[in-house]
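Engineer: Prediction below, plus the sequence it came from.
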Amino acid sequence: MKINDRLIVPLDVERQSDAEKIVMELEDSITTYKVGLQLYTKEGKKVVEMLKKHDKSIFLDLKFHDIPNTVMGAVKSALDMGVDMLTIHAMGGFDMMEGVAKMLWQRKNDGKHAPIVFAVTLLTSLDSAFLMDVIGTTNRTVDDEVVILAGAAQSAGIAGVVASPQEIKSIRKNYGKQLLILSPGIRPAGSDKNDQQRTATPYSAMKDGADYIVVGRPILQAQNKLKTVKSILKEMKDGLKDS
Ligand code: C5P
């Protein structure tokens, strides 16, 4: 995999026209864009079509979370749009994840394009107090919980997980190199953390074993976006070398 394929930029804007400006400004330096709830809810499928027109890969990050039959229906619709990556919630349960994994296997067996599915482990906005109060776990840390959910995703046949950079090492230690790890919450050294709490640099995320990183505001709010991307790619290369 080329280093550019490992850096994903989220199109966290309201309008398709703003999204397209970002794509054009970053030229060939970025191959995959993340389309999330805000942009997709506002603009819908035409964002996917715009990205295809620019020959980009699409990471549809709608974090499906519902009963198995409903999530499988949503994944089927995403397949029909031709996205390359998508997310479901590991908290949606084993049967839901397994249903999705089987559907994708079937598709691959039929020789069709199948996206990579990532299971979101624990949202980084949830803390151990919530786990204790709501889920009733008394003796597990957030890290333990993430590792357990990642294990469930892997057993269900899901290709990858979304996890904060702080959890990359534990996931790698427990499940080896097979499970793909995608990490948001990345901040190049010296940049503003914004609302992200558990951050890491592109260098350390790659060194610890991330396969993909998502970097938003440090790129989107930069004076020179292309220059920022190039310096992040360099940091990532160094991290990979030292991994
Ligand atoms: O701007 P920033 O780099 O913080 O953007 C990170 C992207 O990753 C955003 O689109 C955000 O919604 C997403 N994300 C996250 N933390 C998670 C899951 C997704 O920051 N746990």
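Structural biologist: Right, received. Where do you want to start?

Engineer: Just name whatever secondary elements the longest strand seen in the chain is in contact with.
Structural biologist: Secondary structure of the chain per DSSP state E: the longest strand is strand 57-64. Helices and strands touching strand 57-64, as assessed by 3 or more C-beta pairs under 8 Å, 6 or more residues apart in numbering; DSSP states H and E, comprise strand 32-35, helix 37-43, helix 45-53, helix 68-81, strand 85-89. C-betas here are computed from N, CA, C, even on glycine.

Engineer: Among these, show me which one is buried the most.
Structural biologist: Using mean count of other C-beta atoms under 10 Å, the stretch among the helices and strands packed on strand 57-64 with the greatest mean number of neighbours is strand 85-89 (a mean of 23).

Engineer: Next one: it, is it in contact with the ligand?
Structural biologist: No - using C-beta under 6 Å from any ligand atom, strand 85-89 never reaches the ligand; the gap is at least 8.5 Å.

Engineer: What residues sit buried inside the following helix or strand past that strand?
Structural biologist: Scanning forward in sequence from strand 85-89 by DSSP states H and E, the next helix or strand is helix 94-109. Neighbour counts using 16 or more other C-beta atoms under 10 Å place 96-101, 103-104, 107 of helix 94-109 among the buried residues.

Engineer: Out of the helices and strands packed on strand 57-64, the one nearest Arg187 is which?
Structural biologist: Comparing those by their distance to Arg187 (C-beta to C-beta), the top pick is strand 32-35, with 16.7 Å.

Engineer: partners of that closest one in the sheet?
Structural biologist: Using DSSP bridges, the strands paired with strand 32-35 in its sheet are strand 7-10 (parallel), strand 57-64 (parallel).

Engineer: Can you lay out these as CSV showing mean neighbour count?
Structural biologist: Formatted as CSV, the strands paired with strand 32-35 follow (neighbours: other C-beta atoms under 10 Å):
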stretch, mean neighbour count
strand 7-10, 22
strand 57-64, 21
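
Engineer: any idea of the angle the longest strand of the chain forms with helix 94-109?
Structural biologist: In this structure, strand 57-64 runs at an angle of 150 degrees to helix 94-109, with axes from the mean of the first three to the mean of the last three C-alpha atoms, to 10 degrees as the basis.

Engineer: what does strand 57-64 contact?
Structural biologist: Applying C-beta atoms under 8 Å, 6 or more residues apart in numbering, the contact partners of strand 57-64 are 5, 8, 10, 31-37, 40, 48, 51-52, 71, 74-75, 78, 81-89, 92, 115, 120.

Engineer: Name the SS class of the residue of the chain most remote from its centre, please.
Structural biologist: The outermost residue of the chain relative to its centre, with distances by C-alpha atoms, centre = their mean, is Thr138 at 28.7 Å. Counting by DSSP: H, G, I helix; E, B strand; the rest coil, the backbone at Thr138 sits in coil.

Engineer: circling back to that earlier point, would you mind getting the angle between the longest strand of the chain and strand 85-89?
Structural biologist: Using the same axes, to 10 degrees, the direction of strand 57-64 lies 10 degrees away from that of strand 85-89.
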